[in-house]
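Asker: Please work out how this folds:
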Amino acid sequence: MSVSLFDLLKPTIKNAGGGGGIKSEIIIALEEDIDMNSFPAREADGVTILADIPMKTGKYMHTLYMTQGTIKPGQKKLKGSNNDCGGFELTLEGFHPGMEKESQKWISNFGIGFKGILIIQNCASSRRYMLGEPCNMVYCETIETTWGEEIDKDKGHKITFMCKQGTPMAIYEGAIALDPNPPTGD
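Answerer: Predicted coordinates for the structure are as follows:
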């Protein structure tokens, strides 16, 4: 992949530097549910993924609710030990409110062992950002639960996901493969 040097001009869209957490939705997929043999490559620009993430038969992507305004994606360049190595540390922090049975069940099942991809679907900009790539999956870095000892205090879980990969966040333009008939109840 070879891209020629180009100008990086001021964005022409209104409020391009505005916060990213407004009206965002988090889509997650487990590594074991993805057909990794058919994982799409990035386009020649090194950023865009046009093809769909291939899910195994009967497996789907899922939404992970986080309170609007608490969703904080991050991207930090990692300096390697020499000029031939390095990469990017990608993070996503957000707050899931309440301490209901469903959130405790998710934490019990995936809080330690989650490995997969995350897609931040930013409704304000109609853009989808993807964290994770083959061999460099996202994992759950921390979960901090607060009790909310007073009515105006947070009660729920601050969850932080992280991955280290060789490329920055991808712009994902493929389909979101949610279960068309999601299960109801326990």
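Asker: From residue 140, how far out is the residue most central in space within the chain?
Answerer: The residue lying closest to the centre of the chain (Cα atoms, centre = their mean) is residue 118, at 2.8 Å. When Cβ to Cβ, to the nearest Å is the yardstick, residue 118 and residue 140 sit 10 Å from each other. (C-beta placed from N, C-alpha, C; glycine too.)
Asker: can you check residue 43 too?
Answerer: In this structure, residue 43 lies at 29 Å from residue 140, with Cβ to Cβ as the measure.
Asker: For those two, indicate the residue with more neighbours.
Answerer: Between residue 43 and residue 140, counted using other Cβ atoms under 10 Å, the more crowded position is residue 140 (18 against 15).
Asker: now the more buried one, what's its secondary structure?
Answerer: Residue 140 carries the three-state label strand when classified by DSSP: H, G, I helix; E, B strand; the rest coil.
Asker: My understanding was that it contacts residue 111; is that so?
Answerer: Yes: under the criterion of Cβ atoms under 8 Å, residue 140 lies in contact with residue 111, with a separation of 5.6 Å.
Asker: hang on, the earlier thing: just list the residues touching the residue nearest to the centre of the chain, thanks.
Answerer: Taking Cβ atoms under 8 Å, 6 or more residues apart in numbering as the definition of contact, the neighbours of residue 118 are 26-28, 64, 92, 130-132, 138, 161.
Asker: swap the cut-off to 10 Å and go again
Answerer: Shown here is residue 118, whose contacts under the criterion Cβ atoms under 10 Å, 6 or more residues apart in numbering are 26-29, 61, 64, 73, 90, 92, 129-132, 137-138, 161, 163, 169.
Asker: for residue 30, same thing?
Answerer: 55-56, 59-62, 110, 113-117, 137.
Asker: Filter those residues down to the buried ones, ChimeraX style.
Answerer: To isolate the buried ones among these in ChimeraX, judged by 16 or more other Cβ atoms under 10 Å, type:
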select :55,59,60,61,62,110,114,116,117,137
